[in-house]
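J.: need a structure here:
(one chain, ligands or ions: 1)
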Amino acid sequence: MREAVLESLRSVNDPELHRDLVSLGMIERIDVTPHAPSGHAVSVKVNLTTPACPLKATIERDVRAAVMTVPGVETVNVEFGAQVRMPTTPPLPGVKNVLLVGSGKGGVGKSSVAVNIACALAQSGASVGLMDADVYGPSVAHMLGQGQAKLVGNAERKMVPIEAHGIRFISMANLSPAGQALVWRGPMLHSAIQQFLKDAAWGNLDYLIVDLPPGTGDVQLSLTQSVQVTGAVIVTTPQDVALIDAARAIDMFRKASVPILGIIENMSYFVAPDTGTVYDLFGRGGAAKLGNHPLLGEVPLDPSARQDADNGVPAVIAHPETQAARALIQIAENLAGRVSVQTLSELPMAQLV
Ligand SMILES: Nc1ncnc2c1ncn2[C@@H]1O[C@H](COP(=O)(O)OP(=O)(O)OP(=O)(O)O)[C@@H](O)[C@H]1O
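T.: Take a look at the predicted model:
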């Protein structure tokens, strides 16, 4: 019976990875117990490639349907676990995936998106780090309510990331006195980035999210040259002036051989709270003009999301029911799905099972 169930699961494909769950090594356990009067109760544990899997419900439905086709099966119970896969060589010891969040222009909401995605992934059960590489305008610490915290070293003289809202983060804001400008040249920036990446006690992470400065400068170059990143996401607003710069950022990543995992359109639209009327303030849907890259989602302009950021509690935690927060949670799931696709497409078959 167990073999027949396993065989039936070979017909169930992961909808994003387009491969069957068995050959992807996603079936962790099959239990078969007698079920009165004459059949069997089957319990299947599926190990997803990310706890933030956006297609869990589809997989559950398909597994249930496939196992029910096996003669003698009366009930099916589907359990889920998750283990984020690692590329052939981890980018940093203990870190499975480094994800860059970039933008062409400043002020498009890149840091807010990075912070909210990080917290949403952590809430799904993943271990998440956030590195604020936006050295000229570090806002991550403030958005996480840790603007006054100070980074300290451990016994091995490594920086200890600060914990907040379920994630670990490091920001220049927690090193330099508030309000002071950083006047650094390329080589100094490079060494700061190296320290944040390699001289920090990140521990074990499924995802290390890096909030880049806007544009296409030294920090981006330094990062793509010093660590094997899984991919980058680009945050843009819908208007042409932002899209032109976003296209430049995409081109930079292409030249550095960094895969684009998707585009996030922020401030896509505004829903009037009194009437519910939707206003496309900056012309919605511009991100689709950026070529053949997946659109991970559209986040509305929402004053409460701005307020949450200023209060130091990201919208996905403070007000998860708002449209903006729901969009950000969905984006985090879509991104986690893209990361799985990217990682698994590079792994040799033998490492999957
Ligand atoms: N969807 C949104 N709705 C309302 N306010 C938003 C939204 N996204 C971002 N903001 C607000 O816009 C401001 C700029 O956002 P943020 O700092 O994230 O942008 P950025 O692109 O990282 O900027 P910079 O490039 O200067 O670092 C912040 O006050 C933030 O709270």
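J.: For this protein, what lies in contact range of the ligand?
T.: Within the chain, the positions near the ligand by CB under 6 Å from any ligand atom are 103, 106-112, 134, 137, 139, 214, 266-267, 299, 301-302, 305-306, 309, 324. (Glycine included, C-beta is placed from N, CA and C.)
J.: go again using 5 Å as the cut-off
T.: Counting by CB under 5 Å from any ligand atom, the positions of the chain adjacent to the ligand are 106-112, 134, 137, 139, 214, 299, 301-302, 305-306, 309.
J.: In strands, which of these fall?
T.: Assignment to strands by DSSP state E places the following of the residues of the chain next to the ligand there: Val299.
J.: out of the residues of the chain next to the ligand, which are buried?
T.: Among these, the ones that count as buried by 16 or more other CB atoms under 10 Å are 108-112, 134, 137, 139, 214, 299, 301-302, 305, 309.
J.: I'd like to know which of those residues is nearest to Arg157.
T.: For these, the closest approach to Arg157 (CB to CB) belongs to Asp134, at 25.1 Å.
J.: Which phi and psi values does that closest one adopt?
T.: The phi/psi pair for Asp134 (degrees, to the nearest 10) reads phi -80, psi 70.
J.: Quick one: the helices in the stretch 251-353 of the chain, in order.
T.: For the stretch 251-353 of the chain, helices defined by DSSP state H, counting those that start in this stretch occupy the ranges 303-311, 315-318, 323-346.
J.: how about those helices in CSV, adding mean pLDDT?
T.: What follows is the helices of the stretch 251-353 of the chain, written out as CSV (pLDDT from 0 to 100):
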stretch, mean pLDDT
helix 303-311, 95
helix 315-318, 98
helix 323-346, 93
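J.: Could you dump those helices into a markdown table with distance to Glu28 added?
T.: Output for the helices of the stretch 251-353 of the chain, formatted as a markdown table (distance: least, CB to CB, whole Å):
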| stretch | distance to Glu28 |
| --- | --- |
| helix 303-311 | 37 |
| helix 315-318 | 29 |
| helix 323-346 | 16 |
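J.: Figure out which of those is closest to Leu99.
T.: Nearest of the helices of the stretch 251-353 of the chain (CB to CB): helix 323-346, 6.7 Å.
J.: can you pull the buried residues of the closest one?
T.: Neighbour-count burial for helix 323-346 [16+ other CB under 10 Å]: 323-344.
J.: That helix versus helix 303-311: what angle between them?
T.: If you take axes from the mean of the first three to the mean of the last three CA atoms, to 10 degrees, helix 323-346 sits at 80 degrees to helix 303-311.
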